[in-house]
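**Q** A structural model of the following input is requested.
(chains A and B)
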Amino acid sequence: MAEEVKLFGAWGSPFSRRVEIALELKGIPFEYIEENVSDDKFKSPLLLKYNPIHKKVPVLLHNGKPVLESLIILEYVDETWKDNPILPEDPHERTMARFWARFIDEKCMPPVWKALLGTGEEREKALEEVRECLKTLEGVLNGKRFFGGETIGLLDIAANFIAFWLRVIQEVSGLEFLTADKCPVLIKWCDEFVSCNPVKEHLPPRDKLIAFMKNWLSGDGWTD
Amino acid sequence: MAKSDVKVLGSWPSPFVMRARIALNIKSVNYEYFEERLREGKSELLLKSNPVHKKIPVLIHGDKPICESLVIVQYIDETWSSGPSILPSDPYERATARFWAAYLDEKWFPSIRTIGMAQGEDARKAAIAQVEEGLVLLEEAFGKCSKGKRFFGGDQIGYLDIAFGCFLAWLRVTEKMSGIKLLSEANTPALLNWADRFCSDAAVKDVMPDTEKLAEFGKMVIAKMRGAAPPK
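**A** A predicted model of the protein is given here:
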């Protein structure tokens, strides 16, 4: 059966890059469609057709059928293409991977933006929140090479934001979210993750992301 | 590991707790239920088993705690795999069920809560419109997922039935308190019938809170919130 796999994504989005990593890991060829997500008016009619409720990337189109939400797409990809599984067999371990992946999206990321955009006490509080989350993840890693063990798994992929985007944000803003004294194992994981095969071709160009973030933070607006 | 060594930490008004209990009932798993008296503060056991979120439900299987209702339901499905399946077997149907469950948690249920908490008629109307919009989408989703059968999951209750059905008691309380029929023969006929079927299902009926009792609880929560803090 001829498989048709398309991915609607955005170069700077950690969420769409997650899907790219999973497809790479499993050796699935796909057509990539770059979306301008800076404003709804720039989004393609196809994106709006396939994701009318959220109007967001990523959207995976498999034989014409859309799959939405990055973590849901990761599980779909894992269940559809069985090579190089990203979730373990054991139900408890699978559950923990799912739990911590959601933790990253729901608990770690929001305070990063709050810290960046906030000032004074609000910024300090948000910064502390992020540090707490990272400390927790350091504990979850528990000295392993990857969250998935010897090879990357769902949780590693979900943590791509921490491995790459957070460190760029840190550089641009001067805010010290992730430090070697508090999270030495997590820092080592970041380096391992960004340099491993399925990941390294699926990160935004660093300079481009730095320029984008500087621009955004200086209030010059969101340009692509 | 003894499979009867299953505990659920919960609170009777919580729709999220219901999800865990319905899933265990579907699998005919015996479990011990612990009611958290949240107004008196969180128990030692809760804080120890869910240090990250400090929330119910928590499923404790043997000595391992599992948190987050949808994560728990999937765990139950995968662990007691000989029982009736909760998630569909087809990956695309699974992704669809997960999508709608996430939508319910992130967008739809918060708009139900907003109706109760809304300050002012405009805010209330806006919240009601959001809920109704969501129900139209869910009515359509029901048609696609059920394929003419009784539940989102087909012949039996499945993941999306659980994810959505757990909110029915609060939906009914909201209808009662606002005087508006949110599920109706005119707009959501399929969901209206589904709701009755869901609530009378053997796995559900003993854990679904009584609407009157929940309405009283709801009034008390709103009064407390309004009394405790100035309007935002």
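**Q** Show me the chain divided up by domain.
**A** Let's take chain A. A:5-80, A:91-218 (the TED database).
**Q** not what I meant, chain B
**A** B:6-79, B:91-217 (automatic domain parsing).
**Q** Need the winner for burial among those.
**A** domain B:6-79 (a mean of 19; mean count of other Cβ atoms under 10 Å in any protein chain shown). C-beta coordinates here come from the backbone N, C-alpha and C atoms, glycine included.
**Q** and that domain with chain A, contact?
**A** Yes - judged by Cβ under 8 Å from any Cβ of the partner chain, domain B:6-79 comes into contact with chain A at B:52, B:61, B:64, B:66-68, B:71, B:74-75, B:78-79.
**Q** next one: that domain to chain centre, how far?
**A** 13 Å (Cα atoms, centre = their mean, to the nearest Å).
**Q** Span of it from start to end?
**A** 12 Å (Cα to Cα, to the nearest Å).
**Q** which one of the residues of domain B:6-79 next to chain A is nearest A:L7?
**A** B:Q74 (24.8 Å; Cβ to Cβ).
**Q** Can you say which of the domains of chain B is nearest to A:G120?
**A** Using Cβ to Cβ, the nearest of those to A:G120 is domain B:6-79, at 26.9 Å.
**Q** quick check: mean pLDDT across that closest one?
**A** Over the span of domain B:6-79, the pLDDT mean works out to 94.
**Q** Which stretches in chain B count as helices?
**A** Under the criterion DSSP state H, chain B contains helices at B:15-26, B:44-49, B:69-79, B:91-103, B:109-117, B:121-146, B:159-165, B:168-178, B:189-200, B:211-228.
**Q** So for chain B, the centremost residue is which one?
**A** B:C166 (2.9 Å; Cα atoms, centre = their mean).
**Q** Distance of that one relative to chain A?
**A** In this structure, B:C166 and chain A are 18 Å apart, going by Cβ to the nearest Cβ, to the nearest Å.
**Q** ok, now B:D63?
**A** 11 Å.
**Q** State the distance from that residue to B:L45.
**A** 12 Å (Cβ to Cβ, to the nearest Å).
**Q** what about the closest residue to A:G153 other than its chain neighbours, how many residues close to it?
**A** Spatial nearest neighbour of A:G153, chain neighbours left out: A:I86 (4.9 Å); criterion: Cβ to Cβ, 6 or more residues apart in numbering or on different chains. Residues contacting A:I86 under the criterion other Cβ atoms under 10 Å in any protein chain shown number 23.
**Q** Double-check that A:I86 belongs to a helix.
**A** No - A:I86 is assigned coil when assessed by DSSP: H, G, I helix; E, B strand; the rest coil, not a helix.
**Q** got a pLDDT number for it?
**A** pLDDT, read off for A:I86, is 98.
**Q** That one touches A:G149, doesn't it?
**A** No - look at A:I86 against A:G149 with Cβ atoms under 8 Å: they stay out of range, at 11.2 Å.
**Q** list residues touching both of these two?
**A** Shared contacts of A:I86 and A:G149 (Cβ atoms under 8 Å, 6 or more residues apart in numbering or on different chains): none.
**Q** Mind checking what helix or strand follows the top helix by length along chain A in sequence?
**A** Using DSSP H to define each element, chain A has its longest helix at helix A:120-141. Proceeding N to C from helix A:120-141, the next assigned helix or strand is helix A:154-158, under DSSP states H and E.
**Q** Alpha carbons of that following helix, as PDB, please.
**A** The C-alpha trace of helix A:154-158 is given here as PDB (Å, rounded to 0.1, in the frame of the first residue of the first chain):
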ATOM      1  CA  LEU A 154       8.700   9.600  23.700                       C
ATOM      2  CA  LEU A 155       9.800  11.600  26.800                       C
ATOM      3  CA  ASP A 156      13.100  12.600  25.300                       C
ATOM      4  CA  ILE A 157      11.300  13.800  22.200                       C
ATOM      5  CA  ALA A 158       8.800  15.700  24.300                       C
END
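**Q** I'd say A:V19 and A:A10 touch.
**A** No - between A:V19 and A:A10 there is no contact under Cβ under 8 Å: 11.4 Å.
**Q** Which one of these two is surrounded by more residues?
**A** The neighbour count for A:V19 versus A:A10, taken as other Cβ under 10 Å, is higher for A:V19 (28 against 21).
**Q** give the contact list for the more buried one.
**A** So A:V19 contacts A:7, A:9, A:58, A:60, A:70, A:73-74, A:77 (Cβ under 8 Å, 6+ apart).
**Q** So what's the residue count around B:D90?
**A** Count around B:D90 with other Cβ under 10 Å applied: 12.
**Q** Show the model's pLDDT score for it.
**A** 97.
**Q** And B:P230, by the same measure?
**A** On the pLDDT scale, B:P230 gets 52.
**Q** Which residues does stretch A:155-166 contact?
**A** A:14, A:17-18, A:21-22, A:70-71, A:74, A:86, A:97, A:100-101, A:104-105, A:108-109, A:112, A:134, A:137, A:140, A:146-148, A:177-178, A:186, A:189-190, A:193-194, A:199, A:203-204, A:209.
**Q** swap that for stretch B:138-151, sorry
**A** By Cβ under 8 Å, 6+ apart, the list of residues contacting stretch B:138-151 reads B:93, B:96-97, B:100, B:108, B:152-155, B:157-158, B:160-161, B:164, B:187-191, B:194, B:197-198.
**Q** May I have that stretch as CSV, with CA atoms only?
**A** The C-alpha trace of stretch B:138-151 is given here as CSV (Å, rounded to 0.1, in the frame of the first residue of the first chain):
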residue,chain,number,x,y,z
LEU,B,138,-19.1,16.8,19.9
GLU,B,139,-22.4,15.8,18.4
GLU,B,140,-20.7,15.6,15.1
ALA,B,141,-17.8,13.6,16.6
PHE,B,142,-20.3,11.2,18.1
GLY,B,143,-21.7,10.5,14.7
LYS,B,144,-18.2,9.7,13.3
CYS,B,145,-16.9,7.8,16.2
SER,B,146,-20.0,5.7,17.1
LYS,B,147,-20.7,4.7,13.5
GLY,B,148,-24.4,4.3,14.4
LYS,B,149,-23.7,2.4,17.6
ARG,B,150,-24.6,3.2,21.1
PHE,B,151,-21.4,4.8,22.4
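**Q** average model confidence for it?
**A** For stretch B:138-151, the per-residue pLDDT averages 97.
**Q** Pull the distance from that stretch to the chain's centre.
**A** That offset, for stretch B:138-151, works out to 18 Å (Cα atoms, centre = their mean).
**Q** And the strands in chain A?
**A** A:5-9, A:31-34, A:59-62, A:65-68 (DSSP state E).
**Q** Which strands border the last one, and is each parallel or antiparallel?
**A** By that I understand strand A:65-68. Strand pairing for strand A:65-68, determined by DSSP bridges: strand A:59-62 (antiparallel).
**Q** chain center to the strand it pairs with: distance?
**A** That offset, for strand A:59-62, works out to 17 Å (Cα atoms, centre = their mean).
**Q** for stretch A:81-97, same thing?
**A** 18 Å.
**Q** So what touches it?
**A** Residues contacting stretch A:81-97 (Cβ under 8 Å, 6+ apart): A:22, A:25-28, A:74-75, A:77-78, A:140, A:147-149, A:151-155, A:157, B:61, B:64, B:66, B:71, B:74-75, B:78-79.
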